[in-house]
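Undergrad: quick check, what structure comes out for this input:
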Amino acid sequence: MKFMKLGSKPDLFQIDGNNNVRYVASELATDLIVNVGDAKFYLHKKPYVAKSWQRAEALRFSPSSKVNAVELFFRTQAAKLFRHGSFPLLSKSACLQKSVSTGNGENCDEVDISDIPGGPSAFEICAKFCYGMTVTLNAYNVVAARCAAEYLGMYETVEKGNLIYKVDVFLSSSIFRSWKDSIIVLQSTKLLLPLAEELKVISHCIDAIATKACVDVSKVDWSYTYNRKKNPEENGNEPNLNGLRSRTVPKDWWVEDLCELEIGLYKRVIWAIISKAVLSNEVIGEALRAYAYRRLPGMSKGMIPRGEASKYQSIVETIVSLLPAERGSVSCSFLLKLLKTAICVQLGDTTKEQLTRKIGRQLEEASPQDLLIRAEEGESMIYNVDPVKEMVEEFLMQDENAEIESSEDIQEVKQIRRPGILSDASKLMVAKLIDSYLAEIAKEPNLPLVKFVELAEMIAGIPRPTHDALYRAIDMYLKEHPGISKSERKRICKLMDCKKLSVDACMHAVQNERLPLRVVVQVLFFEQVRVAASSGSSTPDLPQSIRDLNNGSQRSTKSATTNPDEDWDAVATAEGLKALRAEIASLRLANGEKNGSKNGLERVGSNKMKGLLKSKVLAKLWSSKGDKGETSGSDSSESLGSTNMEEAKSTPSRNRRNSVSK
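TA: Numbering: from 1, shown residues only. Now for the predicted structure:
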């Protein structure tokens with residue numbers, strides 16, 4: 001730390017027992033009282049003989065005088081010392097000169113300057129300087145001394161070599177050239193406003209800090225703090241978790257030191273750094289991330305302690321306003337934590353919308369757990385789904401907002417749309433993300449079906465190779481909401497494409513009592529088609545009732561018109577289902593023989609499906625209603641569960657249906 005010593009005389013300032021009275025230990029009696037708040041300073045505006053120094057001069061030259069020669073000598077010497085400035089308290093301060101000269105009555109020797117910046121400690125520095133006593137200036141007290149000197153009017157016009165001049169030289173030649181001293185000085189200005197601002201101490205500090213932060217790392221040779229250990233909750237799976245970063249100077253070497261600044265000054269420093277356009281947006285983003293984790297307790301969990309929300313509003317709002325506009329400047333995970341914190345401290349809609357848009361532009365980086373945003377207090381739901389819908393909408397709008405070029409060709413104008421900026425990989429990642437997110441929020445008992453469906457429909461246009469994750473989410477919702485109506489059950493199941501279920505998912509689906517029977521039949525139908533395609537044979541003709549059921553026909557085999565909901569849950573005739581079962585089984589068997597040399601995984605899947613098709617679980621599918629020769633509108637759970645006692649006794653070890661969502 002830089003420092004400067006002023007004066008050469010011993011420090012004679014003393015404090016009495018109660019710490020409120022300070023005086024100069026001297027043989028000369030004090031004749032000036034300076035009140036600074038609760039503290040009283042007993043000082044000398046002139047030597048104790050100063051009031052009669054002119055009379056003493058006259059007596060010295062009077063031959064009739066009987067004054068003791070020794071006394072006269074000392075009086076004369078004291079008067080000369082005063083006149084030559086040995087006690088120049090008033091000669092160096094225009095403010096004290098004016099205060100003493102305008103005083104009248106008994107209080108003319110008492111001055112009140114309780115509003116002096118820096119209080120008693122700053123005034124003591126100025127007083128010691130006037131007495132010529134040794135005083136040390138450093139980064140912690142230099143601004144207070146500068147402001148106090150300004151208040152006291154200690155200018156060069158009052159006396160050459162005054163305190164203001166010396167402090168300004170120290171600031172410019174030492175403090176502003178030191179990285180850490182500049183930060184300390186900037187911190188110390190908080191209690192010295194607005195004078196520190198008027199004197200441009202703050203602006204000079206900010207410029208000095210910003211300039212050093214933007215210096216090429218190869219030229220950084222000063223001390224800085226960079227001992228942040230890799231905190232997993234802040235840094236994820238970054239390298240060097242058990243140690244410091246690389247020994248070479250990193251680009252964000254300055255980040256930790258600036259975390260000591262309060263938010264107002266921090267904002268100004270970051271803006272100054274950004275304005276120089278030297279550092280990358282990633283470095284600025286890292287600085288904001290580090291500051292957020294340092295200043296916002298519970299940031300890693302997106303939770304702020306109760307009762308302290310208002311305390312952190314300005315911090316969150318400022319960090320959001322400083323975020324670089326460029327995509328990827330900060331991680332999506334950090335943005336989501338910042339959004340959760342913004343909701344927790346009850347920031348306005350503008351700030352939350354700004355964060356939501358930023359998250360939407362890099363949504364593929366998020367994880368399902370990151371998207372679990374807790375609803376505000378008083379809400380019936382646990383999680384708030386609306387922000388996630390807005391993020392998905394923002395993500396998809398990136399393609400919709402692709403520019404349209406116009407090219408003129410003689411008499412016609414053609415509009416050519418540029419390819420969307422979103423890659424297929426990004427879209428697929430978001431689709432998988434939302435499928436997994438739906439499975440998480442499906443456990444919410446108060447989640448309305450419409451919110452689940454609307455979010456799923458937003459990504460319905462994104463092709464993905466499998467719908468297993470979506471099936472899991474649908475199954476979880478059906479499990480947690482058993483009381484939904486048949487039409488609602490139909491609506492949610494239509495989100496899933498049965499053709500895109502894996503073998504394991506198909507096996508689970510045909511045993512799932514929560515699914516409508518139509519879905520089970522569709523799964524079987526498309527499994528038959530897949531088996532036929534893999535075996536190289538054409539798909540056999542199916543009974544008309546199965547075709548009607550799979551195609552969503554609203555006509556049953558027995559009736560001209562039926563209720564749509566009943567048709568959704570209806571089951572084909574026993575003959576038709578038996579035909580379907582036999583056909584799939586034969587195809588599976590044929591495929592197994594034909595492809596005996598295929599890899600083990602395919603053979604296992606084929607064998608599993610053959611065993612499933614032969615099991616009595618499927619027998620329940622058509623035996624429950626096939627014997628009656630008519631369709632029904634009962635739920636799948638009821639249909640699949642209605643077996644006769646004889647069947648139950650004959651198959652005590654039949655397979656039970658389990659949910660993948662358990």
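Undergrad: how about stretch 159-171: buried residues?
TA: Within stretch 159-171, the residues that qualify as buried are 159, 162, 163, 164, 166, 167, 170, 171, counting by 16 or more other CB atoms under 10 Å. Where you see a C-beta, it was placed from the backbone N, CA and C, and this is true even at glycine.
Undergrad: ugh, wrong one, I meant stretch 322-340
TA: 322-324, 329-332, 334-340.
Undergrad: shouldn't residue 390 be within a helix?
TA: Yes: assignment of residue 390 by DSSP: H, G, I helix; E, B strand; the rest coil places it within a helix.
Undergrad: against residue 288, how distant is the spatially closest residue to it that is not a sequence neighbour?
TA: In this structure, residue 390 finds its nearest non-sequential neighbour in residue 356, 4.9 Å apart by CB to CB, 6 or more residues apart in numbering. Relative to residue 288, residue 356 is positioned 18 Å away (CB to CB, to the nearest Å).
Undergrad: rewinding a little: what is the lowest-pLDDT residue among the buried residues of stretch 159-171?
TA: Of all these, residue 159 has the smallest pLDDT value, namely 91.
Undergrad: A helix includes it, no?
TA: No: Residue 159 sits outside any helix when classified using three-state DSSP, being coil.
Undergrad: for the protein, where's the lowest mean pLDDT among helices and strands?
TA: When each helix and strand of the chain is scored by mean pLDDT, DSSP states H and E, helix 636-641 comes last, with a mean of 33.
Undergrad: these two touch, right, residue 288 and residue 338?
TA: No: between residue 288 and residue 338 there is no contact, the gap being 9.0 Å when judged by CB atoms under 8 Å.
Undergrad: where do the contact lists of these two overlap?
TA: Common contact partners of residue 288 and residue 338 (CB atoms under 8 Å, 6 or more residues apart in numbering): residue 319.
Undergrad: coming back round to it: the residue nearest to residue 390 against residue 394, yeah?
TA: Yes: with contact defined as CB under 8 Å, residue 356 counts as touching residue 394 (6.8 Å).
Undergrad: between these two, who's got more neighbours?
TA: The neighbour comparison of residue 356 against residue 394 (other CB atoms under 10 Å) goes to residue 356, with 22 against 17.
Undergrad: contact partners for that one?
TA: Going by CB under 8 Å, 6+ apart, residue 356 touches 339, 387, 390, 391, 394.
Undergrad: and the nearest residue to the fourth one once chain neighbours are set aside, how far from residue 133?
TA: This points to residue 391. Excluding the flanking residues, the one nearest residue 391 by CB to CB, 6+ apart is residue 360, at 4.2 Å. As for residue 360, its distance to residue 133 is 65 Å (criterion: CB to CB).
Undergrad: cool, residue 161 as well?
TA: Residue 161 is 15 Å from residue 133, by CB to CB.
Undergrad: what's the answer for residue 30, then?
TA: Per CB to CB, residue 30 is found 15 Å from residue 133.
Undergrad: among the two, which residue is more densely surrounded?
TA: In terms of neighbours (other CB under 10 Å), residue 133 is the more surrounded of residue 30 and residue 133; the figures are 19 against 15.
Undergrad: tell me who's in contact with the more buried one.
TA: Counting by CB under 8 Å, 6+ apart, residue 133 touches 7, 9, 10, 11, 12, 13.
Undergrad: report the buried members of those residues.
TA: residue 13.
Undergrad: got CSV for the contacts of residue 133, with secondary structure, pLDDT and distance to residue 430 too?
TA: Below are those laid out as CSV (DSSP: H, G, I helix; E, B strand; the rest coil; pLDDT from 0 to 100; distance: CB to CB, whole Å):
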residue, secondary structure, pLDDT, distance to residue 430
7, coil, 86, 70
9, strand, 88, 75
10, coil, 88, 75
11, coil, 84, 70
12, coil, 85, 75
13, strand, 86, 70
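Undergrad: pLDDT at residue 444, what is it?
TA: For residue 444, the pLDDT comes out at 91.
Undergrad: count of neighbours near residue 423?
TA: 11.
Undergrad: before we move on, back to that, need the buried residues of stretch 322-340 in a markdown table (columns: distance to residue 257 and secondary structure).
TA: Below are these laid out as a markdown table (distance: CB to CB, whole Å; DSSP: H, G, I helix; E, B strand; the rest coil):
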| residue | distance to residue 257 | secondary structure |
| --- | --- | --- |
| 322 | 17 | helix |
| 323 | 21 | coil |
| 324 | 21 | coil |
| 329 | 21 | coil |
| 330 | 20 | coil |
| 331 | 22 | coil |
| 332 | 27 | helix |
| 334 | 21 | helix |
| 335 | 25 | helix |
| 336 | 27 | helix |
| 337 | 23 | helix |
| 338 | 22 | helix |
| 339 | 28 | helix |
| 340 | 28 | helix |
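Undergrad: mind putting those residues into TSV with pLDDT and distance to residue 152?
TA: Shown next, in TSV, are those (pLDDT from 0 to 100; distance: CB to CB, whole Å):
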residue	pLDDT	distance to residue 152
322	96	39
323	96	45
324	94	45
329	93	48
330	94	48
331	94	52
332	95	55
334	94	49
335	95	51
336	94	54
337	93	50
338	93	47
339	93	51
340	92	51
